[in-house]
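1. Starting from these lines, generate the structure:
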Amino acid sequence: MTFAEKLAWDDTVLPFQLDQSDIRGRVARLDGVLDGILKQHDYPPVVEALVAEMALLTALIGQTIKLRWKLSLQVQSKGAVRMIATDYYGPGAEGEPARIRAYASYDAERLTDGTPFDQVGDGYFAVLLDQGKGTEPYKGITPLAGGSLRACAEAYFAQSEQLPTRFSLSFGRSTEPGGEERWRAGGVMLQHMPPASPFAKDGGSGIDGLLEAADILSEEEGENWSRVNILLDTVEELELIGPSVPPTDLLVRLFHEEGPRVFDAQSVRFGCSCSEDRVRQSLSIYSARDIEKMTTDEGRVTADCQFCGAHYDMDPQTLGFDAKSGVGDDA
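-> The predicted structure follows:
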């Protein structure tokens, strides 16, 4: 693959369908967007790996949804890594990129030498869908189980959506000849298309009784699903993260007998929706007395965005529902 071809596939999600199996999927490559997310913070390696996995899952899942505004994935945990949050903002118009942001909250002194997933304890994996004004946000959750965030996402789709779903992911630091070390990630998502739910059983055969593909699919659908998963098991790490194998070539190598059909790729960029106006709006529910409690010794109210690191410094008299009209701000 030439340098120009590599750039064309970096930070993209390619939708595809396997016509012989009634299975849809996505191939994602994250390069600059993932490096940009992680450079906002100085995470320990195990936390970086969790954020990278979560960002890759977010790119793959977000592109499967007809999204008007925002998809969020969250991990809430009692472990050393207390929280991981990601947002996927759908394109504002045709031809525009989608945007992703992510961050993690953790207790450094509780981190261990174990695997990244060992750093999360009991808790849940959540999918939140907000289609914007005039709609009711959706939230679905599943327990943290299965040994990886990937497994949690698979369990969510089986349990909450009753859609058999499989992820094959690879991510980490890499260095190309003559280049600097940077994060790269790549993955494939497979999902059996509806109708699958009519065959779901009460209680599943997975961990803690969670549903699995065999609990959802009919016999013929199950055979197709197993066959395609066996093919996906042959994928190699370098094929997922590149840069030598374009996603289109990867699909042909893996699934040529399944009739792969690709659609337009979606570009992805790092992007944050924070702004001073949003901070002001979030503080508009507080009284002047509440705002006073938030005021620093220097007589200012400050706020920092956990996602992008933006810092906001505001006059407390201009905040809250008791804000004095006509008082100037620093803008």
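2. Check which helices and strands the helix or strand encompassing Phe171 sits against.
-> Secondary structure from DSSP states H and E places Phe171 in strand 165-174. Contacts defined by 3 or more Cβ pairs under 8 Å, 6 or more residues apart in numbering; DSSP states H and E place strand 165-174 against helix 45-62, helix 149-156, strand 182-192, helix 219-232, helix 237-241. From N, CA and C alone the C-beta is placed, and that goes for glycine too.
3. I would like the residues contacting it, please.
-> By Cβ atoms under 8 Å, 6 or more residues apart in numbering, the surrounding residues in contact with strand 165-174 are 30, 34, 49, 52-53, 56-57, 60, 150, 153-154, 157-158, 181-192, 229, 232-233, 235, 237, 240-241.
4. same question, stretch 233-245
-> For stretch 233-245, contacts defined as Cβ under 8 Å, 6+ apart pick out 1, 6, 9-10, 29, 168-172, 174, 176, 184-188, 250, 253-254.
5. now swap in stretch 33-48 and tell me
-> Under the contact criterion Cβ under 8 Å, 6+ apart, stretch 33-48 has outside partners 11, 51-52, 55-56, 81, 100-104, 106, 108, 111, 114-116, 119, 171, 182-185, 268-270, 307-309.
6. could you dump it to PDB, C-alpha only?
-> Output in PDB follows, covering the C-alpha atoms of stretch 33-48 (Å, rounded to 0.1, in the frame of the first residue of the first chain):
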ATOM      1  CA  VAL A  33      -7.600  10.600  16.100                       C
ATOM      2  CA  LEU A  34      -6.500   8.000  18.700                       C
ATOM      3  CA  ASP A  35      -3.100   9.600  19.100                       C
ATOM      4  CA  GLY A  36      -4.800  13.000  19.600                       C
ATOM      5  CA  ILE A  37      -7.200  11.600  22.300                       C
ATOM      6  CA  LEU A  38      -4.400  10.000  24.300                       C
ATOM      7  CA  LYS A  39      -2.000  13.000  24.000                       C
ATOM      8  CA  GLN A  40      -4.600  15.100  25.900                       C
ATOM      9  CA  HIS A  41      -3.600  13.100  29.000                       C
ATOM     10  CA  ASP A  42      -0.600  11.400  30.600                       C
ATOM     11  CA  TYR A  43      -2.300   8.100  31.300                       C
ATOM     12  CA  PRO A  44      -0.300   5.000  32.600                       C
ATOM     13  CA  PRO A  45       0.000   2.300  29.900                       C
ATOM     14  CA  VAL A  46      -2.800   0.100  31.200                       C
ATOM     15  CA  VAL A  47      -5.200   3.000  31.300                       C
ATOM     16  CA  GLU A  48      -4.100   4.100  27.800                       C
END
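7. re earlier: what pairs with the strand holding Phe171, and is each one parallel or antiparallel?
-> strand 182-192 (antiparallel) (DSSP bridges).
8. Give me the buried subset of the contacts of stretch 33-48.
-> Buried by 16 or more other Cβ atoms under 10 Å: 11, 51-52, 55-56, 81, 100-104, 106, 111, 116, 119, 171, 182-185, 268, 270, 307-308, out of the contacts of stretch 33-48.
9. Spatially, what comes nearest to Leu250 if we skip its sequence neighbours?
-> Nearest non-adjacent residue to Leu250, counting by Cβ to Cβ, 6 or more residues apart in numbering: Glu239, 5.4 Å away.
10. Near that neighbour, how many other residues are there?
-> 20 (other Cβ atoms under 10 Å).
11. ok, it to Glu53 distance?
-> Using Cβ to Cβ, to the nearest Å, one gets 18 Å for the distance from Glu239 to Glu53.
12. now do Glu258
-> 26 Å.
13. Specify which residue of the two has the higher count of neighbours.
-> More crowded of Glu258 and Glu53, by other Cβ under 10 Å: Glu53, with 23 against 20.
14. check contacts around that one.
-> Glu53 makes contact with Pro116, Ser148, Leu149, Arg150, Leu169, Phe171, according to Cβ under 8 Å, 6+ apart.
15. Would you mind giving me the confidence score for it?
-> Note for Glu53: predicted pLDDT of 97.
16. Kindly report the same for Pro195.
-> Confidence at Pro195, expressed as pLDDT, is 55.
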